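Asks: got a predicted model here, sequence first, then my questions.
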Amino acid sequence: MKYKLLSSDYDNTLVPFGEKRPRPAVEAAVQKMQAAGGKFVLSTGRAWPAIKTPGQLGAIRFDYAITCNGAYVVDRNGASVYERPLIPEEMYALVDFCEDYDYLLQFNFRDAYYAYCGYEGLRSRYERMGSPGLACVDGEDQDRHLIDMPHAAFMVAPEEAVEAFQKKYGHLNLHFMRVGGRDEMGWCCYDIVREGVDKGTGLAGLCEAMGITLDETVAAGDSANDIGMLRAAGLGCCMDNGSPDAKAAADRIIGDVREDGLADLIEELWFDGPRAEPSGRDLGSAWGGAFKG
């Protein structure tokens, strides 16, 4: 078998926006691939505490997870495989900047999201979203980093804030990735990692730890933060519902997330044929698997 690993983005690649878990055909295809020896890697901007919440992946159990946009890679039990956390100078610059302008700021640690600036604002945003695993704790005492450093940051601020930060702290070369559109105030959300960190470097770190090459991997994604991974993998696949820049970075375009494009890709690459529609019994098994034990 040419490919040994499939690395998939979560939102709008594995799970359609507005839905709580993968669709049955995708769950069944991933499980079938794993039974045949393939490894499934969840690749996300979310941190480990946010993805270990039960039920988000339905019947799927990932083998590894690339979290924090590549800054922290773990196995299915949460043990570290590869990491590139922020350093103190980078973290302090973000805190000082957000305190000066009353912007919202959280850091992604191993155990939880900690809000260092604007806890109430971040908490209410997560409550409105209602997405499993997304919640923060009050870190405004700003002492959690004394145990270990965060792997990434998340900032909510006006669009012009990024340029203002770079003017003052551009020597740090932090990587800002915009997430979604503007809110009702005209503010934007940004994932922030170290220079050179993205899902592609996370995938490379995982491959080195596993003893395989990038040529033996397949990546699937739909948006700008997937570009590094799509370029790094042996085969980069963008969903038909993906953004223009992600499509341009991919080797090929696959089916829409709402048409089970990922399931069709797995059947093609691992089993040399089109996907068979699950029977009624298969559907029930797939939907029920997450609630056993």
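Replies: Structure's in. What do you need?

Asks: which stretches of the protein have low pLDDT?
Replies: Along the chain, segments meeting pLDDT under 70 span 1, 273-293.

Asks: extract the CA atoms of the longest helix along it and return them as CSV.
Replies: As assigned by DSSP state H, the longest helix anywhere in the chain is helix 88-101. Extracted C-alpha coordinates of helix 88-101, given in CSV (Å, rounded to 0.1, in the frame of the first residue of the first chain):
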residue,chain,number,x,y,z
PRO,A,88,8.4,33.6,27.1
GLU,A,89,9.3,36.7,25.0
GLU,A,90,6.6,35.9,22.4
MET,A,91,4.0,35.2,25.1
TYR,A,92,4.8,38.4,27.1
ALA,A,93,4.6,40.5,23.9
LEU,A,94,1.1,39.2,23.2
VAL,A,95,-0.1,39.8,26.7
ASP,A,96,1.3,43.4,26.8
PHE,A,97,-0.2,44.2,23.5
CYS,A,98,-3.7,42.9,24.3
GLU,A,99,-3.7,44.5,27.7
ASP,A,100,-2.9,47.9,26.2
TYR,A,101,-5.9,47.7,23.8
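
Asks: what helices or strands is that helix leaning on?
Replies: Using 3 or more C-beta pairs under 8 Å, 6 or more residues apart in numbering; DSSP states H and E as the contact test, the elements touching helix 88-101 are strand 104-108, strand 113-117, strand 152-158, helix 160-169. Using the backbone N, CA and C atoms, a C-beta is placed for each residue, glycine as well.

Asks: could you dump those to CSV with distance to residue 218?
Replies: As requested, the helices and strands packed on helix 88-101 are exported to CSV (distance: least, C-beta to C-beta, whole Å):
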stretch, distance to residue 218
strand 104-108, 26
strand 113-117, 30
strand 152-158, 25
helix 160-169, 32
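
Asks: nearest to residue 73, of the ones you listed?
Replies: With C-beta to C-beta, the closest approach to residue 73 among those belongs to strand 152-158: 12.6 Å.

Asks: what lines up beside that closest one in the sheet?
Replies: According to DSSP bridges, strand 152-158 has the following sheet partners: strand 104-108 (antiparallel), strand 187-193 (antiparallel).

Asks: and the shortest one, how far out from the chain middle?
Replies: Distance, stretch centre to chain centre, for strand 104-108: 16 Å (C-alpha atoms, centre = their mean, to the nearest Å).

Asks: okay, angle between it and helix 88-101 too, please.
Replies: Orientation note: strand 104-108 sits at an angle of 160 degrees relative to helix 88-101 (axes from the mean of the first three to the mean of the last three C-alpha atoms, to 10 degrees).

Asks: one more: the last one?
Replies: Using the same axes, to 10 degrees, the interaxial angle of strand 187-193 with respect to helix 88-101 works out to 170 degrees.

Asks: and strand 187-193, how far out from the chain middle?
Replies: 14 Å.

Asks: going on from it, what's the next piece of helix or strand?
Replies: Under the assignment DSSP states H and E, the closest C-terminal helix or strand after strand 187-193 is helix 199-210.

Asks: return the list of helices and strands in contact with that next one.
Replies: With contacts taken as 3+ C-beta pairs under 8 Å, 6+ apart, helix 199-210 sits against strand 5-9, strand 39-43, strand 64-67, strand 72-75, strand 80-83, strand 217-221, helix 227-232.

Asks: if you skip the residues just before and after it, what's nearest to the residue nearest in space to the middle of the chain?
Replies: The residue lying closest to the centre of the chain (C-alpha atoms, centre = their mean) is residue 44, at 0.7 Å. Once flanking residues are discounted, residue 44 sits nearest to residue 10: 4.5 Å by C-beta to C-beta, 6 or more residues apart in numbering.

Asks: show residues contacting stretch 186-197.
Replies: For stretch 186-197, the surrounding residues in contact (C-beta atoms under 8 Å, 6 or more residues apart in numbering) are 45, 68-71, 84-87, 90, 94, 151-159, 162, 172-183, 225.

Asks: 7 Å - rerun?
Replies: Residues from elsewhere that reach stretch 186-197, judged by C-beta atoms under 7 Å, 6 or more residues apart in numbering: 45, 68-71, 84, 86, 90, 94, 152-159, 162, 173-180, 182, 225.
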